[in-house]
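Visitor: Please find the sequence and the predicted model below.
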Amino acid sequence: MNQTAQELLKKLEQKTARIGVVGLGYVGMPLALEFAKAGFHVIGYDVDSRRIAEVNAGRSYIGDIKDAELAEQVNAGRLRASLPDDSIGTCDTISICVPTPLRKSKDPDMRYIVSATDEIAKRARKGQLIVLESTTYPGTTTEVVMPRIEAKGLKAGEDFFIAFSPERVDPGNPTFHTRNTPKVVGGYSDACRILSKALYSHAVDRVVIVSSPAAAEMVKLLENTFRSVNIGLVNEMAIMCRKLDCDVWEVIEAASTKPFGYMTFWPGPGLGGHCIPIDPHYLSWKLKTLNYNARFIEMAGEINSHMPDYVVELVGDALNDAGKSVKNARILILGVAYKKNVDDCRESPAIDVIELLRKRGATVSYTDPFVPHLHHEPVTMDGVAYDAATVAAADCVVVVTDHSAFDPEILTRHAKIVVDTRNMMKGRKAAGRVVRL
């Protein structure tokens, strides 16, 4: 390594390096907190002034972070938040943790990465390590981020150092979090890899080095494509089992007893969260530019995106069997978060189910203890209480998210019709009709 790299390595080893984290969401905020806990001085950057105010007041807006642990680092002076400003230039390392959504055409929306990189490039200086964590297509680090920094007259691998390290955040996971989830890092050069490992070794228990940024970018896409394809398989299996008059949940449980050559996935009302519904399409888009069609990704995406429509079909059939129509039916959605016991509604299939039912003339309400107010276009509404009266008043209850706070006994005793997409009513005999996915 040259002298510039050696000086930065020394700062990292002695914990005198100033750490910058751009984007204080589900990825950036926990990462910034871990660096602060390790003893570094950390500045978190965000364009949302409300987030900045909350962090600096020691109040957490991330479900997995307690107010007390955040306040401890803020009060100790190890962590603060700011709008992007000239202090970026004082940071020795900068981790980019900004959103990477899809356009309606399912093309990558790179504006947040580009905007964050441009803010860094304005203040870029010799001796900085820049790590992209936002999930994206292979080549982004070296084709989008690196040239913008090099345009300042700095050479990658010599004057500044660059790497990609995919986030692996699973909101609400009680077992795995930032510290104990292995961190994959791919650096542009040997020095980039060494420095990246030195940085992240302070925040995570295990750092896994791969040969290049592109390899690290591909790791993340493989992880999420693997899940998307297998979820697509069991979702289609649920549809096939229904046509064959089989119980898909029974079939999967029995298959799960095989101790080798099988991994359990469960069907559901559709994909949710930021990763699985979106990330595989980044890979698919990239391959299309190389005249290759990623067929597994496309087929899984088609099946998974159809599941909210399938759920609405089940609702319509169940109501029809009861002599009712979807139009003017009172339908209660149980859970709008994309997974149990979190408040994260990003890409939640509940949004699609609500909108589809509304278009068919239903009167839709929802209950979710983690999401009292739902503001995700095109749906804006307030939640209702989950109790016997609310359930009894509905013509149909659709279980979209099976939060542990939901007592299935209330459904058992008071629901007229339950369309259960999460197997919440397993083994229960309800007073009304239960339709399981």
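Guide: Nice, I can see it. Numbers count the residues shown, from 1 in each chain.
Visitor: Centroid-nearest residue for this structure?
Guide: His274 (3.5 Å; C-alpha atoms, centre = their mean).
Visitor: residues touching it, list them.
Guide: For His274, the contacting residues are Tyr26, Pro99, Thr135, Arg346, Glu347, by C-beta atoms under 8 Å, 6 or more residues apart in numbering. Where you see a C-beta, it was placed from the backbone N, CA and C, and this is true even at glycine.
Visitor: Pop out the phi and psi values for Tyr45.
Guide: With angles defined as degrees, to the nearest 10, Tyr45 sits at phi -110, psi 140.
Visitor: Note down every partner strand of the helix or strand where Phe161 lies and its orientation.
Guide: Here Phe161 sits within strand 161-164, counting by DSSP states H and E. Partners of strand 161-164 in the sheet, by DSSP bridges, are strand 129-132 (parallel), strand 183-187 (antiparallel).
Visitor: what comes into contact with it?
Guide: 5, 8, 128-133, 140-142, 145-146, 149, 156, 185-189, 191-193, 195-196, 213-214, 216-217.
Visitor: Kindly report the same for stretch 304-316.
Guide: Outside stretch 304-316, the residues that touch it by C-beta under 8 Å, 6+ apart are 228, 231-232, 235, 239, 267-271, 277, 325-326, 331, 349, 352-353, 356-357, 360, 396, 398, 400, 419, 421, 435, 437.
Visitor: and those, which are buried?
Guide: Using 16 or more other C-beta atoms under 10 Å as the burial test, the contacts of stretch 304-316 include 228, 231-232, 235, 239, 267-271, 277, 326, 331, 349, 352-353, 356-357, 360, 396, 398, 400, 419, 421, 435, 437 as buried.
Visitor: Format the strands paired with strand 161-164 as TSV; extra columns: mean neighbour count.
Guide: TSV is the format used below for the strands paired with strand 161-164 (neighbours: other C-beta atoms under 10 Å):
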stretch	mean neighbour count
strand 129-132	28
strand 183-187	25
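Visitor: would JSON lines of the ones you listed with mean pLDDT and distance to Thr380 be doable?
Guide: Shown next, in JSON lines, are the strands paired with strand 161-164 (pLDDT from 0 to 100; distance: least, C-beta to C-beta, whole Å):
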{"stretch": "strand 129-132", "mean pLDDT": "98", "distance to Thr380": "33"}
{"stretch": "strand 183-187", "mean pLDDT": "98", "distance to Thr380": "37"}
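Visitor: These: which one's closest to Asp64?
Guide: Between Asp64 and the strands paired with strand 161-164, the tightest spacing by C-beta to C-beta is seen for strand 183-187, at 16.8 Å.
Visitor: quick one on the thing from earlier: strands - which of the buried ones among the contacts of stretch 304-316 land there?
Guide: Under the assignment DSSP state E, the buried ones among the contacts of stretch 304-316 contribute Ile331, Cys396, Val398, Val419, Val435 to strands.
Visitor: Go through the residues you listed and name the one nearest Asn75.
Guide: Taking C-beta to C-beta as the measure, Asn75 lies nearest Val398 of those, at 44.8 Å.
Visitor: Double-check that closest one against Arg330; I have them as touching.
Guide: No - assessed by C-beta atoms under 8 Å, Val398 is found out of contact with Arg330, at 11.7 Å.
Visitor: Would you mark the buried spots in stretch 232-250?
Guide: So, applying 16+ other C-beta under 10 Å, buried residues of stretch 232-250: Gly232, Leu233, Val234, Asn235, Glu236, Met237, Ala238, Ile239, Cys241, Arg242, Val248, Trp249.
Visitor: Tell me how far the spatially closest residue to the fourth one that is not a sequence neighbour lies from Ala57.
Guide: Using C-beta to C-beta, 6 or more residues apart in numbering and skipping residues adjacent in sequence, the residue nearest Asn235 is Pro267, 4.8 Å away. In this structure, Pro267 and Ala57 are separated by 42 Å, where distance is defined by C-beta to C-beta, to the nearest Å.
Visitor: go on, Tyr292?
Guide: 50 Å.
Visitor: How about Met263?
Guide: Met263 is 43 Å from Ala57, by C-beta to C-beta.
Visitor: more neighbours, those two?
Guide: Ala57 (12 against 9; other C-beta atoms under 10 Å).
Visitor: need the contact list for the more buried one.
Guide: Val74.
Visitor: just to revisit the earlier point, just send the ones in strands among the buried ones among the contacts of stretch 304-316 back as a markdown table, with distance to Lys340 too.
Guide: Below are those laid out as a markdown table (distance: C-beta to C-beta, whole Å):
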| residue | distance to Lys340 |
| --- | --- |
| Ile331 | 21 |
| Cys396 | 21 |
| Val398 | 15 |
| Val419 | 17 |
| Val435 | 20 |
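Visitor: Can you report how many residues lie near the nearest residue to Arg413 once chain neighbours are set aside?
Guide: Nearest non-adjacent residue to Arg413, counting by C-beta to C-beta, 6+ apart: Ala431, 6.1 Å away. Using other C-beta under 10 Å, the number of residues around Ala431 comes to 12.
Visitor: ok, Ala431 to Ile333 distance?
Guide: For Ala431, the distance to Ile333 - C-beta to C-beta - is 20 Å.
Visitor: before we move on, what about Asn291?
Guide: Going from Asn291 to Ile333 by C-beta to C-beta gives 42 Å.
Visitor: May I have the phi/psi pair for the residue nearest to the centre of the chain?
Guide: Torsion angles, degrees, to the nearest 10, at His274: phi -80, psi -30.
Visitor: Ala124 now?
Guide: Main-chain torsions, Ala124, degrees, to the nearest 10: phi -60, psi 140.
Visitor: these two touch, right, it and Leu154?
Guide: Yes - shown here, Ala124 and Leu154 form a contact pair, counting by C-beta under 8 Å, at 6.1 Å.
Visitor: which residues are common contacts for these two?
Guide: Phe160.
Visitor: Look at those two and report which has more neighbours.
Guide: Ala124 (22 against 17).
Visitor: In contact with the more buried one, which residues are there?
Guide: Gly89, Ile149, Lys152, Leu154, Phe160.
Visitor: Am I right that the second one is in contact with Ala156?
Guide: Okay, so that is Ile149. Yes - using C-beta under 8 Å, Ile149 is in contact with Ala156, at 7.1 Å.
Visitor: got the residue ranges for the helices in the stretch 51-200 of the chain?
Guide: 67-75, 111-123, 140, 146-150, 190-200 (DSSP state H, counting those that start in this stretch).
Visitor: looking at those, which is buried most?
Guide: Neighbour counts (mean count of other C-beta atoms under 10 Å) averaged over each of the helices of the stretch 51-200 of the chain peak at helix 140, with a mean of 24.
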